[in-house]
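Student: the sequence and its predicted three-dimensional model are supplied below.
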Amino acid sequence: MFKKSYLWVMIIVLIAAAAGCLIYVPYDDQGGSRRPGRTYDQEETRDYHDVDTSYFYEYLSPHGSWVYLRPYGYVWIPRNMPYRWRPYTQGRWTWTDYGWTWTSNFEWGWIPFHYGRWGWERDFGWFWVPGTVWGPAWVAWRWGDMYMGWAPLPPDVEFMADVGIHGLPYDLPSNYWVFLEDRYFQNSYLDRYILPHERNLTIINITQLKADISLKNRRVVNEGIDIDQIRRVTMHDVPKVRLQDADGPGRDRLQADELRIYRPTVTKNDSAKPKKYLEESDARGRISSIGLREPDDKLLPEEFESRIRREQDRETRLLDETQQKEMTGLKRKLDEQKAKVSSESEKQKIEKEYQVKSENMKKQHDEEKSGLTKRHQAEEKELKGKIKKKDK
């Protein structure tokens, strides 16, 4: 009798232990899970919060507009964003046990920079497509001798547990990329150093593409740029920060060796929809993709104009500085190559090659400057219209 009772006790203990284990459930084609499950390390003890996509609709509504946009369904467009805003620009990169993790400055940043995908449309600008799988940052990377950049993964790029990123094109549209000089990568105010998008095509041609998002130990990890490379170019140590769950929604909090982000487990709710949303046809007439935000009610017209002028001056300065550094770097390589050869004919050959490269680079630079000037002129025209509208 004792043996039978003992046997039943052992069976119950084993069942209870199994029930407490963390079980990995593969993703479906939409990036969700076939049934609710965790994709995190078994050793982590997390106070899980379970929500479905209807929670995203409710939480993000005060901060933007929901639009029914085919073929994606309901997409979200942020409201009152900074000048020429792009995803993954207002914040900083933090090296965590999940790889490169985006730390957002926005109260709502814990959702669209860690779930779902970003898309771009001429009439709307940037829009976010909801998703259910949490990641440290859904971006691809580029790097070269002088620059570093990242781009949000578009809506058609899926993440699958067995293969990682699925469907990534050889390269992303040029306007998706955010570039800066690599030495600023760890700066807490990245938006101050982001180059105008007119520079993107040139930089894409001199950088390498890397998309390294994978599942490791039941964690979605974005290793992106090699950590040792970041240490070399920034000339600073990059400590690893432990990622912890925040108790509730709100701004990401980075303190000492700890980063807290709200990471609920999300399930897809096909029947849910925003309480208020615009149809695509209505939205096209009401939402503008232009990078100039509406003047703040508390901001005088001249203050608003001065703010935009400062941002335009910053873009012009960054373009001029980086173009000059490229020309200086090309000349330095010429001198290094000439120093390695002894014959005059070889030196003349290197000199001719340099002239061709220099002329091509100057042509690219002139096109970039022309594009930036035209954009600023168009913005100035719109700026005057907004100020007149506000004065009425």
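Tutor: All right, it came through fine. What you see is a predicted model, and the numbers here were worked out from it, not measured in a lab. Numbering: from 1, shown residues only.
Student: and residue 142, how many neighbours?
Tutor: Look at residue 142: counted by other Cβ atoms under 10 Å, it has 25 neighbours. All C-beta atoms are positioned from the backbone trio N, CA, C, and that covers glycine.
Student: I should have written residue 75 there, sorry.
Tutor: Residue 75 has 27 neighbours, counted by other Cβ under 10 Å.
Student: correct me if wrong: it contacts residue 64.
Tutor: No: Residue 75 is beyond contact range of residue 64, at 9.8 Å (criterion: Cβ atoms under 8 Å).
Student: you'd agree residue 314 is in a helix?
Tutor: Yes: read with DSSP: H, G, I helix; E, B strand; the rest coil, residue 314 is one of the residues of a helix.
Student: three-state assignment of the residue nearest the centre of the chain?
Tutor: In the chain, the residue lying closest to the centroid (Cα atoms, centre = their mean) is residue 88, at 3.5 Å. Three-state assignment for residue 88 (three-state DSSP): coil.
Student: so it touches residue 113, yeah?
Tutor: Yes: with contact defined as Cβ under 8 Å, residue 88 reaches residue 113; the gap is 6.4 Å.
Student: give the residues shared as contacts by those two.
Tutor: When Cβ atoms under 8 Å, 6 or more residues apart in numbering defines a contact, the residues bordering residue 88 and residue 113 alike are 102, 137.
Student: spatially nearest residue to residue 127, not counting backbone neighbours?
Tutor: residue 75 (4.3 Å; Cβ to Cβ, 6 or more residues apart in numbering).
Student: what sits against that neighbour?
Tutor: Residue 75 neighbours (Cβ under 8 Å, 6+ apart): 66, 67, 68, 69, 119, 127, 128, 129, 130.
Student: again, only this time at 7 Å
Tutor: Counting by Cβ atoms under 7 Å, 6 or more residues apart in numbering, residue 75 touches 67, 69, 127, 128, 129.
Student: apart from its neighbours in sequence, what residue is nearest residue 111?
Tutor: residue 56 (5.8 Å).
Student: before we move on, what about residue 265?
Tutor: residue 50 is the one closest to residue 265 (Cβ to Cβ, 6+ apart), at 5.1 Å.
Student: measure the one you found to residue 221 for me?
Tutor: Remark: distance between residue 50 and residue 221 (Cβ to Cβ, to the nearest Å) = 23 Å.
Student: and residue 78, by the same measure?
Tutor: Counting by Cβ to Cβ, the gap from residue 78 to residue 221 is 27 Å.
Student: equivalent analysis for residue 69, please.
Tutor: 31 Å.
Student: the two - which one has more neighbours?
Tutor: Neighbour count, other Cβ under 10 Å: between residue 69 and residue 221, residue 69 has more, with 24 against 20.
Student: got the contact list for that one?
Tutor: 75, 127, 280 are the contacts of residue 69 under Cβ under 7 Å, 6+ apart.
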